[in-house]
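> Here is a sequence with its predicted model. Questions after.
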Amino acid sequence: MRPNLRLGAGENFLVLSGTGSGMFLMKINEERNLTLLMDFYELTMAGGYFEEGYVDQVAVFDMFFRRVPDGGGFAIAAGLEQFCEIVDELHFDDEDIAYLRGKGCFSEKFLEYLRHFEFHCNVWAVAEGTPVFPHEPLVIVEGPAIEAQLLETLLLVTFNHQCLIATKSNRIVRAAAGRPVMEFGSRRAQGYDGAVLGARAAYIAGVAGTACVLADRQFGIPALGTMAHSWVQMFPSEYEAFRHYAELYPDNCTLLVDTYSVVKSGVPNAIRVFDEVLKPKGIRPKGVRIDSGDIAYLSKKARKMLDAAGYPDCGVCASNSLDEYLVRDLLLQGAELTSFGIGENLITSKSDPVFGGVYKLAAVVRNGKYVPKIKISETAEKTTIPHLKNLYRIYDNETGKAMADYLTMADEEVDVSDGITLFDPVETWKQRTFTNVRAERLNRPIYVHGKRVYDCPPLADVRAFCAAQVDTLWDEVTRFENPHRYYVDLSQKLWDERQRLLTEFGH
C-alpha cells in the first residue's frame, strides 16, 4: 500500500504524511522523565536550602542571554512549549529517589521532600517567535528557591537550543529573499532531540519544511525530500533512475541531477524523462536539485536548458553545505535558484553553535518585600539587572516598527500617551523621546502558583507570528554586517536601583 503523498505549499519536494500528519502529534517528552536533567549543584544547593530552613524562601530568577550569535542584531525566542511540557511533568519517581540516596549526601528528609515534590512557582515568558535582544529576560521564575533552582538546567537547555537554531534559521530564510528553504540537517544534528526540536525551531523561524519525518509526525512540519545519489547509482543508468522515480511519483517529480554531470547528462536526462513520462500525462515537473559544483554557473545552465525544453516553471533547488552568506552570494551572482536545502550549517548553527543563555538570581522576598540581588563583574556585560521586572516593547503607531525595549520594575505602570523618554543604561547621555507610540508587555504569565495558565498556540500560528514580528524590525537591525544596536533601556526607577546596588558593593 502506497503512502499518502502530497506537495507542500510552494515546494518542489515530496511530502510524506502517512494518513495525515496531524493525527500523529504528540509531546516530544512523552514517556520520558527529564526531572534529573540538571547540574548536580542544583541538587546540592536545593538540599542545602532545605536543611537551612529555606523551603519557603521565595526567589526570582531571570533567564537571558548576553550576545546574539553570528554578530546578528537580534535572536528569536523558541522552546516555550517544550519547557511547559517538562514543567507539567516534574516529579521524582522511585528510581530517582533510589539513585539520589545512593549518592550518600542527601538526608532522608530532603529525599522525602523530593518524593512529594510539587511545583508552586510563577513563570513569565516571552512568546515563541518573538525577536529578542541581549540582557532582557526571556523567562522569569518566581517561587520557592528550591523549585526555582532545580529548573535551571532544564530551562536553559530547552531555550538555548531552540533559540539558537531559530535564530540561525531566520538568518538563512531572510538571505533566501522569499525563496523556500528546506531544513535537511537531521543526520548532522547533535542527537535525536537536536534533529527533531531543531526542525521545530527552524520551522518557527520560517523554513518551509524538513527532511525529518519524525518532526512531521510530532509537530506537523511538512516532511520534504527527493532522492539521494544512491538512487541514481542503484540503476544501470541515470536515465532509468529518473524514469522509475517519475513513474512512481509523477505529481511530485524533482530529480537530483549532479550524480555524474549536471550539464552533460543530469539535466538532459531529466528533460527526456519529463517529456516521456510526465508530459503525456499532462503533469508538469516540480524541479531539479543541484548538490555540488559551481552552483551559480550550473543553475544558470540548467535554467536555460529547462526553458528551451518548454519547462520554465520547473524549479531549480540548491543544496550542499550552504549557509546565509553562501545563499546571499549565490543570489548576488545571479544564480537561477527557486529554493534551497540547508543541512549541517542550519541544524547545528555551525558558525556560532552556542546561544549562551544564563539563569541568574534577581531578587528574594523578605518580610513580604522584594530584596533585589545583583551579580557584579569586571566585565560590564556580565553585571546583571536586579529585581522582579516587566519587559515592554515600544512600537511606533505610524510605521508599526519596534523602536526600543523597556525594562521596568514589576510594580511600575507604563504610560506612553504623552510620549516616553528613554535613555541608554550604559551611555546615559544618549536619550530619545518617542511620541505616538504604544507599549506592549512581552513577558506574559505562563504559570501562576504552579498552575499553567497559558495554552501554547499551534506551531503554524507561532511561525506566522514570528514572520510578522521580524517584519516590525528596521532593516538596520536585521542586516548581517554591523547591525544597528537595538536599545534595551531601563526605567529610571530600575536604573537607580541598579546603581544603588553597584555603589553599595563598591562600584
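Structure's in. What do you need?
> V267: what secondary structure?
The three-state label given to V267 by DSSP: H, G, I helix; E, B strand; the rest coil is helix.
> any idea how far it lies from E240?
Taking Cβ to Cβ, to the nearest Å as the measure, V267 and E240 are separated by 16 Å. For glycine as for every other residue, the C-beta is placed from the backbone atoms N, C-alpha and C.
> Please identify which of the two sits among more neighbours.
Taking neighbours as other Cβ atoms under 10 Å, V267 and E240 compare with V267 leading, 26 against 14.
> State the pLDDT value of the more buried one.
The score at V267 is 98. That number is its pLDDT.
> what's the answer for G22, then?
42.
> Over to E336?
The per-residue pLDDT of E336 was computed as 98.
> That one touches M305, doesn't it?
No. Taking contact to mean Cβ atoms under 8 Å, the distance of 10.7 Å between E336 and M305 leaves them out of contact.
> From start to finish, how long is stretch 181-195 in a straight line?
Terminal residues of stretch 181-195 are spaced 16 Å apart (Cα to Cα, to the nearest Å).
> L197: neighbour count?
By other Cβ under 10 Å, the residues close to L197 number 24.
> ok, then the element right after the helix or strand hosting it?
Secondary structure from DSSP states H and E places L197 in helix 192-204. Beyond helix 192-204 on the C-terminal side, the first helix or strand identified by DSSP H and E is strand 209-210.
> on contacts alone, who are the packing partners of that following strand?
Helices and strands touching strand 209-210, by 3 or more Cβ pairs under 8 Å, 6 or more residues apart in numbering; DSSP states H and E, are strand 181-183, helix 192-204.
> From the centre of this structure, give me the residue that's furthest out.
Computed with Cα atoms, centre = their mean, the residue of the chain farthest from its C-alpha average is P280, at 44.3 Å.
> and V157, what element?
helix 152-175.
> can you give me the mean pLDDT across that helix?
Per-residue scores along helix 152-175 average to 98.
> Identify each buried residue in the helix holding L197, please.
With burial defined by 16 or more other Cβ atoms under 10 Å, the residues of helix 192-204 counted as buried are 193-204.
> now, among those residues, which is nearest to I76?
Taking Cβ to Cβ as the measure, I76 sits nearest to I204 out of the buried residues of helix 192-204, at 7.0 Å.
> got the buried residues of helix 192-204 as CSV, with distance to E378 and pLDDT columns?
As requested, the buried residues of helix 192-204 are arranged in CSV below (distance: Cβ to Cβ, whole Å; pLDDT from 0 to 100):
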residue, distance to E378, pLDDT
D193, 36, 96
G194, 35, 97
A195, 40, 98
V196, 41, 98
L197, 36, 98
G198, 36, 98
A199, 40, 98
R200, 39, 98
A201, 34, 98
A202, 37, 98
Y203, 41, 98
I204, 37, 98
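> could you dump those residues to JSON lines with distance to K350?
Written out in JSON lines, the entries for the buried residues of helix 192-204 read as follows (distance: Cβ to Cβ, whole Å):
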{"residue": "D193", "distance to K350": "18"}
{"residue": "G194", "distance to K350": "13"}
{"residue": "A195", "distance to K350": "15"}
{"residue": "V196", "distance to K350": "19"}
{"residue": "L197", "distance to K350": "17"}
{"residue": "G198", "distance to K350": "12"}
{"residue": "A199", "distance to K350": "16"}
{"residue": "R200", "distance to K350": "19"}
{"residue": "A201", "distance to K350": "15"}
{"residue": "A202", "distance to K350": "14"}
{"residue": "Y203", "distance to K350": "19"}
{"residue": "I204", "distance to K350": "19"}
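> Can you verify V277 is assigned to a helix?
Yes. The assignment for V277 (three-state DSSP) places it in a helix.
> List the contacts of I165.
Contacts for I165 were tallied using Cβ atoms under 8 Å, 6 or more residues apart in numbering; they are 78, 197-198, 201-202, 205, 346-347, 349.
> Next up, the contacts around the residue nearest the centre of the chain.
Averaging the C-alpha coordinates of the chain gives a centre point, and the residue nearest to it by Cα atoms, centre = their mean is A166 (2.7 Å). Neighbour list for A166: 75-78, 129, 201-202, 204-205, 466 [criterion: Cβ under 8 Å, 6+ apart].
> go again using 10 Å as the cut-off
Listed by Cβ atoms under 10 Å, 6 or more residues apart in numbering, the contact set of A166 reads 75-79, 128-129, 198, 200-207, 349, 355, 462, 466.
> For the stretch 301-450 of the chain, just list every one of the strands.
315-318, 339-342, 358-366, 369-372, 389-396, 402-409, 420-423, 431-434, 437-441, 443-448 (DSSP state E, counting those that start in this stretch).
> so when I look at F61, I'm seeing a strand, right?
Yes. Assigned with three-state DSSP, F61 falls within a strand.
> Backbone dihedrals for the residue nearest to it when sequence neighbours are not counted, both of them.
The shortest distance from F61 to any residue that is not its chain neighbour, by Cβ to Cβ, 6 or more residues apart in numbering, is 4.7 Å, and that residue is V141. Backbone dihedrals for V141, given as degrees, to the nearest 10, come out at phi -120, psi 130.
> Run a quick neighbour tally on V141.
Residues within reach of V141, counting by other Cβ under 10 Å, total 26.
> Have a look at this structure and report the helix or strand with the lowest mean pLDDT.
Sorted by mean pLDDT, DSSP states H and E, the helices and strands of the chain end with strand 5-7, the least confident at a mean of 38.
> before we move on, back to that, let's verify the residue farthest from the centre of the chain: helix, strand, or coil?
Secondary structure for P280, judged by three-state DSSP, is helix.
> quick revisit: tell me the angle the helix holding V157 makes with helix 192-204.
Direction vectors for helix 152-175 and helix 192-204, defined by axes from the mean of the first three to the mean of the last three Cα atoms, to 10 degrees, enclose an angle of 50 degrees.
> Export the strands of the stretch 301-450 of the chain to TSV and append columns for mean neighbour count, mean pLDDT and distance to F110.
What follows is the strands of the stretch 301-450 of the chain, written out as TSV (neighbours: other Cβ atoms under 10 Å; pLDDT from 0 to 100; distance: least, Cβ to Cβ, whole Å):
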stretch	mean neighbour count	mean pLDDT	distance to F110
strand 315-318	24	98	57
strand 339-342	26	98	48
strand 358-366	18	98	21
strand 369-372	15	97	25
strand 389-396	22	98	31
strand 402-409	21	98	34
strand 420-423	18	96	46
strand 431-434	13	96	51
strand 437-441	15	98	38
strand 443-448	18	98	24
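> Any idea which of these gets closest to A176?
Judging the strands of the stretch 301-450 of the chain by Cβ to Cβ, what sits closest to A176 is strand 339-342, at 5.6 Å.
> can you list the domains in the protein?
Using automatic domain parsing, the domain parsing of the chain gives 5-26+174-347, 40-150+357-504.
> wait, which of those is closest to N33?
Closest to N33 of the domains of the chain, according to Cβ to Cβ: domain 40-150+357-504, at 6.0 Å.
> how distant is the closest one from the center of its chain?
Computed by Cα atoms, centre = their mean, to the nearest Å, the chain-centroid distance of domain 40-150+357-504 equals 17 Å.
> contacting residues for the closest residue to M227 other than its chain neighbours?
Spatial nearest neighbour of M227, chain neighbours left out: L256 (5.3 Å); criterion: Cβ to Cβ, 6+ apart. Listed by Cβ under 10 Å, 6+ apart, the contact partners of L256 are 226-229, 231-232, 238, 241-242, 245, 262, 266, 270, 288-291, 317, 319.
> Cross those residues against strands and list the overlap.
Among these, the ones falling in strands (DSSP state E) are 288-290, 317.
> Write the ChimeraX selection for whichever of these are buried.
To isolate the buried ones among those in ChimeraX, judged by 16+ other Cβ under 10 Å, type:
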select :288,289,290,317
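> which of the ones in strands among the contacts of L256 lies closest to K401?
When the ones in strands among the contacts of L256 are compared for distance to K401 (Cβ to Cβ), C317 comes out closest, at 33.7 Å.
> Alright, that wraps it up for me.
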